[in-house]
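Engineer: starting from these lines, generate the structure:
(one chain, ligands or ions: 2)
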Amino acid sequence: MLSLRAPPRTLSPSPWRRRGRLDGFAAPRCVSAAPPATTLETATARPAGVSFPILVNGCTGKMGVSVAEAATSRGLHLVPVSFSSRENLDKTIQIGDIDVEIYGPSAREDVLSSVIDEFPDVIVVDYTAPNSVNSNAELYCKLGVPFVMGTTGGDQQLLYKSVQDSNNYALISPQMGKQVVAFLAAMETIAEQFPGAFSGYRLEVLESHQAGKLDTSGTAKAVIACFEKLGAVFDMDRMVKIRDPEQQLYMVGVPEEHIEGHAFHLYHLTSPDDSVSFEFQHNVCGRSIYAEGSVDAAVFLYKKVCLCLLRTIVVTRFTCSSCFLLSYYFFLI
Ligand SMILES: NC(=O)C1=CN([C@@H]2O[C@H](COP(=O)(O)OP(=O)(O)OC[C@H]3O[C@@H](n4cnc5c(N)ncnc54)[C@H](O)[C@@H]3O)[C@@H](O)[C@H]2O)C=CC1
Ligand SMILES: O=C(O)C1=N[C@H](C(=O)O)C[C@H](O)C1
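Structural biologist: Ligands and ions are numbered 1, 2, ... in the order given. Take a look at the predicted model:
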């Protein structure tokens, strides 16, 4: 049983009401100085330990480029193909010394089939857009290519169903930064062990991302689900979403050089009588934490698929399901 002791003195309410500026929503010290985590490997560009072909879908975008660069610097074989939501793009993207050819939607099934013929052990990593999540996943499932889905949004239940129905392999997470994944895993554990511990507490959530982000933070939604299991009350419509660069700079405290790529999250809980408050935040500048985590996710998935295929060959009566729906915990297993 979790015991919540009364604080020595009354705490004032949430920081963004308390102060004009979001002082509590501090800038991260430095992304590369991620908190030491004894059970987690650090997100440095170490070799992947295995090598396999990797196709990054979304190389026209910021995450796609970051993941493709991280994959090549980790010694994976980047398949020089990616897709776009637009036809007749006739474009290549330079990743290191590789020219990645971009194809429009009408070519994607044929091109992906050819890639699979040439590289049967290819892993796809998807960083596209929320409205492409389900159609892309359906294509990967139809062609039986294992995939890492980093793209947030879409219909998540349908996404899981597509993978399960097709018996394909997939690793799906709205958050690929391993240290944030660990925080989320801890939240899920607490929620499971102490359901209702925060009954009646009010939850306030603020998330700030680059102006181009189309959807509400998928990570925030996952963390909120844990607070709700803990009994906190939250109205999704009251989530504070900041996309305005001016506000990010002056109110949230995002460093100017990261206005184009940051993910700041603040969760504030207040007890029904206002005598207790809790605050959690995770603030990320840049994209390297996700890019490195995505490569680790692809390596993890590749090894799992290999292991399953090996088991299928060795064990004639293969009882375990060949479909993996691996969510947040990929790095802990
Ligand atoms: N899981 C995680 O840890 C993270 C997830 N994300 C998510 O990744 C997604 C992409 O983020 P960014 O790269 O920042 O966005 P972005 O807007 O820079 O890039 C997305 C790219 O995908 C392209 N695209 C759209 N539909 C497509 C389709 N059907 N096929 C191929 N390409 C398509 C767009 O034209 C664009 O170039 C978002 O959903 C974001 O929330 C972002 C960071 C971390
Ligand atoms: O779009 C982003 O940038 C991010 N998206 C993910 C999300 O929606 O949770 C992860 C992180 O917040 C960065």
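
Engineer: only C-alpha atoms for contact and neighbour calcs from this point on.
Structural biologist: Will do.

Engineer: get me the contact residues on this protein for ligand 2.
Structural biologist: 152, 174-175, 209, 213, 217-219, 263 (CA under 6 Å from any ligand atom).

Engineer: of those residues, keep whichever come out buried.
Structural biologist: Applying 16 or more other CA atoms under 10 Å to these, the neighbour count classes 152, 174-175, 209, 217, 219, 263 as buried.

Engineer: can you tell me which of these are in helices?
Structural biologist: Thr219 (DSSP state H).

Engineer: tabulate the buried ones among the residues of the chain next to ligand 2 (JSON lines), appending distance to Cys285.
Structural biologist: JSON lines is the format used below for these (distance: CA to CA, whole Å):
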{"residue": "Thr152", "distance to Cys285": "18"}
{"residue": "Pro174", "distance to Cys285": "17"}
{"residue": "Gln175", "distance to Cys285": "14"}
{"residue": "His209", "distance to Cys285": "10"}
{"residue": "Ser217", "distance to Cys285": "15"}
{"residue": "Thr219", "distance to Cys285": "15"}
{"residue": "Ala263", "distance to Cys285": "7"}
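
Engineer: just the buried ones among the residues of the chain next to ligand 2: which are in strands?
Structural biologist: Judged by DSSP state E, these include 209, 263 as members of strands.

Engineer: phi first, then psi, for Ile123.
Structural biologist: Here is the backbone geometry of Ile123 (degrees, to the nearest 10): phi -110, psi 130.

Engineer: re earlier: okay if I get the residues of the chain next to ligand 2 as TSV plus distance to Gly293 and pLDDT?
Structural biologist: Below are the residues of the chain next to ligand 2 laid out as TSV (distance: CA to CA, whole Å; pLDDT from 0 to 100):
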residue	distance to Gly293	pLDDT
Thr152	15	97
Pro174	12	95
Gln175	9	97
His209	19	98
Lys213	20	96
Ser217	18	97
Gly218	16	96
Thr219	15	97
Ala263	15	98
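
Engineer: around ligand 1, which positions in the stretch 101-250 of the chain sit nearby?
Structural biologist: Checking the stretch 101-250 of the chain against ligand 1 by CA under 6 Å from any ligand atom, the hits are 127-130, 132, 150-152, 173-177.

Engineer: out of these, which two sit at the greatest distance?
Structural biologist: By the measure CA to CA, Ser132 and Gly177 form the most distant pair in those, at 21.8 Å.

Engineer: for those two, indicate the residue with more neighbours.
Structural biologist: Gly177 (21 against 17; other CA atoms under 10 Å).

Engineer: just checking, Ile95 touches Val67?
Structural biologist: No. Counting by CA atoms under 8 Å, Ile95 sits too far from Val67 to count as a contact (10.1 Å).

Engineer: quick one, which of those two is more surrounded?
Structural biologist: Neighbour comparison, Ile95 and Val67: the larger count goes to Val67, with 27 against 17 (by other CA under 10 Å).

Engineer: and that one, helix, strand or coil?
Structural biologist: helix (DSSP: H, G, I helix; E, B strand; the rest coil).

Engineer: same check, this time on Leu214
Structural biologist: Looking at Leu214 with three-state DSSP, the answer is coil.

Engineer: related to what we said a few turns ago, make JSON lines out of the residues of the chain next to ligand 2 and add distance to Arg287.
Structural biologist: Formatted as JSON lines, these follow (distance: CA to CA, whole Å):
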{"residue": "Thr152", "distance to Arg287": "15"}
{"residue": "Pro174", "distance to Arg287": "14"}
{"residue": "Gln175", "distance to Arg287": "11"}
{"residue": "His209", "distance to Arg287": "12"}
{"residue": "Lys213", "distance to Arg287": "13"}
{"residue": "Ser217", "distance to Arg287": "15"}
{"residue": "Gly218", "distance to Arg287": "16"}
{"residue": "Thr219", "distance to Arg287": "15"}
{"residue": "Ala263", "distance to Arg287": "9"}
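
Engineer: wait, Gly96 touches Ala68, no?
Structural biologist: No. With contact defined as CA under 8 Å, Gly96 does not count as touching Ala68 (9.2 Å).

Engineer: between these two, who's got more neighbours?
Structural biologist: Ala68 (29 against 11).

Engineer: separation between the more buried one and ligand 2?
Structural biologist: Remark: distance between Ala68 and ligand 2 (CA to the nearest ligand atom, to the nearest Å) = 16 Å.

Engineer: please name the residues that touch that residue.
Structural biologist: By CA atoms under 8 Å, 6 or more residues apart in numbering, Ala68 lies in contact with 56, 59, 78, 95.

Engineer: among these, which lie within strands?
Structural biologist: Assignment to strands by DSSP E places the following of the contacts of Ala68 there: 56, 78, 95.

Engineer: can I get those in a markdown table including pLDDT and distance to Pro272?
Structural biologist: Listed next are those as a markdown table, based on pLDDT from 0 to 100; distance: CA to CA, whole Å:
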| residue | pLDDT | distance to Pro272 |
| --- | --- | --- |
| Val56 | 98 | 47 |
| Leu78 | 98 | 53 |
| Ile95 | 97 | 53 |
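
Engineer: looking at those, which is nearest ligand 2?
Structural biologist: Val56 (16.4 Å; CA to the nearest ligand atom).

Engineer: wait, that closest one sits on Leu112?
Structural biologist: No. Val56 is beyond contact range of Leu112, at 11.5 Å (criterion: CA under 8 Å).
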